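>>> Task: produce atomic coordinates for the following.
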Amino acid sequence: MLDELKILRDHGIQYVKDLRGATLTPLFRGRPVVNPDVPQADVDALVAMCPSKAIGASPLSIDLGKCVFCRECEFAFPTAIQFTNDFRIAANRREDLIVRAGEDKPIRLDESAIRPEIRKTLRNSLKLRQVSAAGENSGEMELNAAGNVNFDMGRFGIEFVASPRHADGVVITGPISANMAQALQVCFDATPDPKVVVLVGSDAISGGLFADSPALDRSFVETNHIDLYVPGNPAHPLTFINGLMDMLGIEDR
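You can find the predicted model right below:
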C-alpha cells in the first residue's frame with residue numbers, strides 16, 4: 001500500500017477525465033501554424049528540407065497527412081512555422097489535413113461528409129480490428145495506450161477486437177507493404193457492413209517516408225472510402241479518440 005501511495009504522490013492521478021479539454025505539454029507536436037509572410041528563399045529552403053515532402057510552396061503549407069512531425073522546419077525557420085500542442089487534428093476529408101499559410105483555426109470533421117449509417121448504427125458501440133500493415137510499432141503502441149486506464153476509450157464503447165468478423169471497421173497503421181496488401185483486403189472483406197476505415201499515422205495516410213518505395217502497395221487506400229484520417233508520427237491517443245468521438249457524434253461523459 002505504501003508503494004502505491006508513493007507512486008500516486010510522485011505521478012499524480014493519471015486518469016484523463018476530460019478527453020476533450022485535456023492540455024498536453026507545450027513540447028507536444030500538434031497542429032502547426034504557418035506564417036504567410038515568409039521570403040521566397042526561405043520557402044524554397046523549407047520545401048527542400050522536408051524529408052517527407054509535406055511542405056508545399058504555393059502557398060506555403062504543411063500536409064499533416066505526410067508530415068512526420070520532426071519539427072526540423074520549425075527549428076530551422078522558427079518565424080515561419082510553429083507547432084502548437086493542439087492534438088485535435090483528425091479529419092474525414094484528406095484535403096482538410098493541409099494547413100496553409102495564414103490559417104490558424106482548429107481542424108474538425110466535415111459533418112456533411114460523415115456517412116449517416118455510422119452514427120445510426122455504431123454511435124454507442126464501435127468495435128475495431130487493428131491492422132499493422134508494415135508498421136514499425138510506435139503507432140500500434142499508442143493505439144494500445146488509447147484503451148489503458150489513462151485514456152480509457154472503452155468508456156465510450158470503443159474497443160479493439162481480435163477478429164474482423166466481430167468488428168465494425170478496420171484501423172490501419174503502417175504504409176501498407178505489398179506483402180500486407182492482400183491480408184488487409186481479406187480482413188476488410190471479413191468485416192460486416194456498415195464498416196468504417198480509419199488511417200492512423202502519416203505512414204498509413206500517405207506512405208510517409210516510404211511513399212516512393214516499390215515495396216508498397218497502396219491500392220487499398222486508393223480504392224476504398226476512408227472515414228477518418230488521424231495524423232501523427234505516431235498519432236497521440238487523444239488525437240485518435242477525439243477523432244472517433246467526432247465521427248460518432250458523441251461528447252465526453
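
>>> going forward, measure contacts and count neighbours with C-alpha atoms only.
Will do.

>>> which stretches of the protein form strands?
32-34, 55-57, 60-63, 81-83, 98-100, 126-132, 158-160, 169-173, 196-200, 228-230 (DSSP state E).

>>> Could you list every helix and strand in contact with the fifth one?
If you count contacts as 3 or more CA pairs under 8 Å, 6 or more residues apart in numbering; DSSP states H and E, strand 98-100 packs onto strand 32-34, strand 60-63.

>>> make it 7 Å
Packing partners of strand 98-100 (3 or more CA pairs under 7 Å, 6 or more residues apart in numbering; DSSP states H and E): strand 60-63.

>>> hang on, the earlier thing: need the strands of the chain in JSON lines with distance to D42 and mean pLDDT, can you?
Converted to JSON lines, those look like this (distance: least, CA to CA, whole Å; pLDDT from 0 to 100):
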{"stretch": "strand 32-34", "distance to D42": "13", "mean pLDDT": "98"}
{"stretch": "strand 55-57", "distance to D42": "10", "mean pLDDT": "97"}
{"stretch": "strand 60-63", "distance to D42": "10", "mean pLDDT": "98"}
{"stretch": "strand 81-83", "distance to D42": "11", "mean pLDDT": "97"}
{"stretch": "strand 98-100", "distance to D42": "16", "mean pLDDT": "98"}
{"stretch": "strand 126-132", "distance to D42": "37", "mean pLDDT": "98"}
{"stretch": "strand 158-160", "distance to D42": "44", "mean pLDDT": "97"}
{"stretch": "strand 169-173", "distance to D42": "33", "mean pLDDT": "98"}
{"stretch": "strand 196-200", "distance to D42": "31", "mean pLDDT": "98"}
{"stretch": "strand 228-230", "distance to D42": "29", "mean pLDDT": "98"}
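
>>> the helices in this structure, which residues?
2-11, 40-49, 72-76, 116-122, 138-145, 178-190, 202-206, 219-223, 237-248 (DSSP state H).

>>> Any buried residues in the second one, and which?
Across helix 40-49, burial judged by 16 or more other CA atoms under 10 Å covers V43, L46, V47.

>>> With the fourth one instead?
Neighbour-count burial for helix 116-122 flags I118, L122 (criterion: 16+ other CA under 10 Å).

>>> tell me the mean pLDDT over that helix?
Mean pLDDT, computed over helix 116-122, is 96.

>>> Other residues contacting it?
By CA atoms under 7 Å, 6 or more residues apart in numbering, the surrounding residues in contact with helix 116-122 are P194, L248, G249.

>>> do that again at 10 Å, thanks
The contact list for helix 116-122, computed with CA atoms under 10 Å, 6 or more residues apart in numbering, reads 123, 125-126, 157-158, 168-169, 193-196, 227, 247-250.

>>> quick one on the thing from earlier: using a markdown table, please lay out the strands of the chain together with distance to P237 and mean neighbour count.
A markdown table is the format used below for the strands of the chain (distance: least, CA to CA, whole Å; neighbours: other CA atoms under 10 Å):
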| stretch | distance to P237 | mean neighbour count |
| --- | --- | --- |
| strand 32-34 | 18 | 23 |
| strand 55-57 | 25 | 20 |
| strand 60-63 | 20 | 24 |
| strand 81-83 | 18 | 21 |
| strand 98-100 | 21 | 21 |
| strand 126-132 | 14 | 22 |
| strand 158-160 | 13 | 20 |
| strand 169-173 | 13 | 25 |
| strand 196-200 | 10 | 24 |
| strand 228-230 | 10 | 28 |
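
>>> For these, give me TSV that also has distance to E222.
Formatted as TSV, these follow (distance: least, CA to CA, whole Å):
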stretch	distance to E222
strand 32-34	27
strand 55-57	22
strand 60-63	18
strand 81-83	29
strand 98-100	18
strand 126-132	17
strand 158-160	25
strand 169-173	14
strand 196-200	12
strand 228-230	14
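
>>> Which of the ones you listed sits closest to D189?
Closest to D189 of the strands of the chain, according to CA to CA: strand 169-173, at 10.1 Å.

>>> Who does the closest one pair with, and is each partner parallel or antiparallel?
The pairing partners recorded for strand 169-173 under DSSP bridges are strand 126-132 (parallel), strand 196-200 (parallel).
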